[in-house]
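Novice: This is a predicted model, with the sequence first.
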Amino acid sequence: MAIKYYKLLDMLQRQGISKGQFAEITGLSSATVAKLSGHKTVNIEIIDRVCKTLNCQPGDIMEYIDE
């Protein structure tokens, strides 16, 4: 899959939010946060929840990279 979540990971790092804190504030499981961290496929509901929580757009947290 060519969808990467580097932007999300950079955003969390800049804001000083750990993966555990991110899971807590979004209500996501640690397994789902691990999927995002590993650039694995997640469903659109996860993207929606992340964007609502962080008040951002999908393009702010993910990027298509042609591999």
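Specialist: Perfect, thanks for sending it.
Novice: Show me where this protein has its strands.
Specialist: With DSSP state E applied, the chain shows strands at 3-4, 63-64, listed in chain order.
Novice: a markdown table please, covering those strands and showing mean neighbour count, mean pLDDT and distance to Gln13.
Specialist: Glycine gets a C-beta too; all of them are placed from N, C-alpha and C. Formatted as a markdown table, the strands of the chain follow (neighbours: other Cβ atoms under 10 Å; pLDDT from 0 to 100; distance: least, Cβ to Cβ, whole Å):
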| stretch | mean neighbour count | mean pLDDT | distance to Gln13 |
| --- | --- | --- | --- |
| strand 3-4 | 14 | 95 | 15 |
| strand 63-64 | 12 | 95 | 16 |
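Novice: Would you mind telling me which of these is nearest Leu12?
Specialist: Minimum separation from Leu12 across those (Cβ to Cβ) falls at strand 3-4, 14.3 Å.
Novice: Tell me the helices and strands packed up against that closest one.
Specialist: For strand 3-4, the helices and strands in contact under the criterion 3 or more Cβ pairs under 8 Å, 6 or more residues apart in numbering; DSSP states H and E are strand 63-64.
Novice: Each with direction, which strands does the strand it packs on pair with?
Specialist: strand 3-4 (antiparallel) (DSSP bridges).
Novice: who touches the longest helix that the chain contains?
Specialist: Longest helix in the chain, counting residues (DSSP state H): helix 44-54. Contacts with helix 44-54, where a contact means Cβ atoms under 8 Å, 6 or more residues apart in numbering, come from 8, 11, 25-28, 32, 36, 56-58, 60-62.
Novice: can you rerun that using 7 Å?
Specialist: Applying Cβ atoms under 7 Å, 6 or more residues apart in numbering, the contact partners of helix 44-54 are 8, 25-28, 32, 57-58, 61.
Novice: May I see the buried residues of stretch 42-58?
Specialist: By neighbour count on 16 or more other Cβ atoms under 10 Å, the buried set for stretch 42-58 is 42, 46-47, 50-51, 54.
Novice: do the same with stretch 9-17
Specialist: So, applying 16+ other Cβ under 10 Å, buried residues of stretch 9-17: 9, 11-12.
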